[in-house]
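# Below: sequence and its predicted model.
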Amino acid sequence: MNAIDVTGLTKDFAAGAPGARVRALDGVTLRVREGEIVGLLGPNGSGKSTLLKLILGLLAPTAGSCRLWGADPREPATRAAVGYLPEAPAFPPALTGFEVVRLQARLSGMSGAGLNERVGRALADVGLAAAMHQRAGGYSLGMGRRLGLAQALVHDPRLLILDEPASGLDPAGEAAVGALLQESRARSRTILLSSHLPGQAAGCCDRVVLLHRGRLVLEGTVADLARRGGRRALMVEALPAALVEDLRTWLRERGARLVDVAPPAAALERTYREAVAAATTPGGGGP
Amino acid sequence: MSPLVRSTRQAALIGGSLLRECRRQRLPALMVVGAAAFTGGAWLLRDFNFGTSELKFLLDAGLGAQALFGAILAIVVPAQQFFAAVEGRTAQLVLARPVGREAFIAGHLGGALVLLMGFCALLTLLLAAMLWWRETGLMHAYPEAFAHGRRVPYAGLAWAALGQWLRLSVLAALTLFVASYARSGVFATLAGFGALAACQLQHVAREHFGALASASARTGAWLLGALVPDLHRFDLADQITAGGAPPAGAVAGLAAYAAIWLAVLGTLAACCFWHRDL
């Protein structure tokens, strides 16, 4: 059975003028199998968050249907095994991080002696052990994202729906999200995650789906989509500018074409991570 | 666990979280301090008693403060908390869990009712303490006037507080119903104050139209009474200052009347919220 079964899903919202409607999602059909990790890609405003909210029953569809394990997501019991991280998670500002996650766990039906330990472990897993008794209203953007992840994972859900999970996180936070996704893969969790950055999804998804202006325009495995047009990415460190033209000529002579020479973002990110790790290691003086 | 038990437990959790939020916010504390200051301050103004006895003046002032500040609390807290959850997106986190929208509404209503109960209880205790202290002073100064014992009906004061709480509870439910379909917290708050005026004064219109000979006017009066809760019905202060506690049957009827309106308004709010996009 599919974990998520979306058929011809359409969602219209009221626009500014009376009677005017704007179509956010237009006839989207999507299946996510149990245990699969699917990336929902698309630029801002393409309808990714709307689709996720429809899947969760937070929005009612204008047309089409959505099923979670064959059941209506607007029925509360259907959502018992779902963990959700919204794009911009918000928490009651006067509650502490611990209270927020505990409340969410209890709303999912968790109780008993091990509850507090489980909540503490979920917070520690996302790096909030030291800040768990601070009020959520005082959390930074990145801490809020981590808290959102903790509450999404605390009840060990079968299906995780993550809206831009790495948005607003520093490289260490992104790495933590990556580790959590890998751990979720090991536990055979089904994951549907949205991102407007293809690179984020490429590393962890079995399959990606591209939404544009509310329509599903592309779908396939990461490898299939990356091979489209016969493109490969080659990362070269310390490439002198003078060599770029030689490389272009060399490739042209062999029937290939150098499409782009971009700053090495991934290399910069790695350098950044190494510098942070060196600075935080006892005795490490940094770069 | 049955769905009803699960929903009740979830509503209690949501209500408890709302109360924790309120405990750390300024408005509820401000209303309690304001009402307490008004109640305590009445003693300083006892010379301006408009010809009534000093103790009756203090009693009226205390119950009046409770009604005024309690109404602000009953309108602003449900509207503010509901929109903080919906517009602040905390509702998304809660409703992505196996939580029904009716449990969400019940939690918000229940939290507001417990808050108002605490408010009424605290203010009534303060008022009773002040009346006791002042009455004791007057008993020493004018023992002949208190030859038959204390004159303040303290048991009746508890009934008045109960009536006040029931009245504020219906008002909170009415505001939550408006908030469930309103698009802004300001609208819900202003509509709540409008509803307070309409519900408090509807008996005047009902009595006026009900006394007319025209059948349509009498039907209109009946409809008004059926469609709009009569908050004036909960004012027990006149009965207790007249010297006695209201009959138990009347209080039970009042509680049933409040319970029916709470159920109706809560159900309407849940229905509206069910169709709302988050």
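Received, thanks.

# how deep is A:Cys204 tucked in, by neighbour count?
The number of residues packed near A:Cys204 is 19, by other CB atoms under 10 Å in any protein chain shown. To be clear about C-beta, it is placed using only N, CA and C from the backbone, and glycine gets the same treatment.

# what's the closest non-adjacent residue to it?
Leaving aside its chain neighbours, A:Cys204 sits nearest to A:Leu181 (4.6 Å; criterion: CB to CB, 6 or more residues apart in numbering or on different chains).

# With A:Cys205 instead?
The spatial neighbour of A:Cys205 that comes closest, neighbours along the chain excluded (CB to CB, 6+ apart), is A:Gly39 at 3.7 Å.

# again with B:His275
With sequence-adjacent residues excluded and distances taken as CB to CB, 6+ apart, B:His275 is closest to A:Ala60, at 6.9 Å.

# and if you look at A:Ala77?
Counting by CB to CB, 6+ apart, the residue nearest A:Ala77 is B:Pro98, at 5.6 Å.

# Tell me who's in contact with that neighbour.
If a contact means CB atoms under 8 Å, 6 or more residues apart in numbering or on different chains, then B:Pro98 has A:76-80, A:107-109, B:6 as its contacts.

# so which two of the residues you listed are the farthest from each other?
Distances among those were taken as CB to CB; the most separated pair is A:Thr78 and A:Leu107, at 14.7 Å.

# which of those two has more neighbours?
Between A:Thr78 and A:Leu107, A:Leu107 has the larger neighbour count (other CB under 10 Å), namely 26 against 18.

# and the gap between the closest residue to the more buried one other than its chain neighbours and A:Ala81?
The shortest distance from A:Leu107 to any residue other than its chain neighbours is 4.4 Å, reached at B:Arg97 (CB to CB, 6+ apart). Distance, B:Arg97 to A:Ala81, by CB to CB, to the nearest Å: 11 Å.

# The helix or strand where B:Thr189 lies near chain A anywhere?
Assigning secondary structure by DSSP states H and E places B:Thr189 in helix B:185-210. No - interface with chain A: helix B:185-210 contributes nothing (CB under 8 Å from any CB of the partner chain), its closest point being 15.3 Å away.

# pLDDT (mean, whole number) over that helix?
When the per-residue pLDDT values of helix B:185-210 are averaged, the result is 87.

# Same check on stretch A:116-124?
Stretch A:116-124 comes out with an average pLDDT of 92.

# What of stretch A:254-270?
In this model, stretch A:254-270 has an average pLDDT of 68.

# Can you pull the residues of the stretch 101-250 of chain A lying near chain B?
Taking CB under 8 Å from any CB as the criterion, the stretch 101-250 of chain A approaches chain B at residues A:103-104, A:106-109, A:148, A:151, A:161.

# List buried members of those residues by neighbour count.
The neighbour-count test (16 or more other CB atoms under 10 Å in any protein chain shown) marks A:103-104, A:106-108, A:148, A:151, A:161 as buried among those.

# picking up where we left off before, relative to A:Glu183, how far out is the residue nearest to A:Cys205?
Using CB to CB, we find A:Gly39 at a distance of 17 Å from A:Glu183.

# Going along the chain, name the strands of the stretch 51-200 of chain A.
Along the stretch 51-200 of chain A, counting by DSSP state E, counting those that start in this stretch, strands occupy A:63-68, A:82-85, A:159-163, A:190-195.

# quick check: domain ranges of chain A?
Taking automatic domain parsing as the domain assignment, the ranges for chain A are A:2-230, A:241-280.

# Relative to B:Trp43, which of those is closest?
B:Trp43 sits nearest to domain A:2-230 of all the domains of chain A, at 34.5 Å, using CB to CB.

# And stretch B:71-82, what's buried?
Going by neighbour count (16+ other CB under 10 Å), the buried part of stretch B:71-82 is B:71-82.

# need the helix or strand of the chain with the lowest average pLDDT.
With no chain named, the answer covers chain A. Of all the helices and strands that make up chain A, the one with the lowest confidence by mean pLDDT, DSSP states H and E is helix A:265-280; it has a mean of 59.

# The chain in question should be chain B.
The weakest-scoring helix or strand in chain B, judged by mean pLDDT, DSSP H and E, is helix B:237-241 (a mean of 71).

# where does residue 244 land on pLDDT?
Answering for chain A, as no chain was given. pLDDT, A:Val244: 85.

# meant chain B actually
65.

# low-scoring stretches of the stretch 101-250 of chain B, by residue?
Segments of the stretch 101-250 of chain B classed as low confidence (criterion: pLDDT under 70) are B:241-245.

# Now do the strands in it.
Counting by DSSP E, counting those that start in this stretch, one finds no strands in the stretch 101-250 of chain B.
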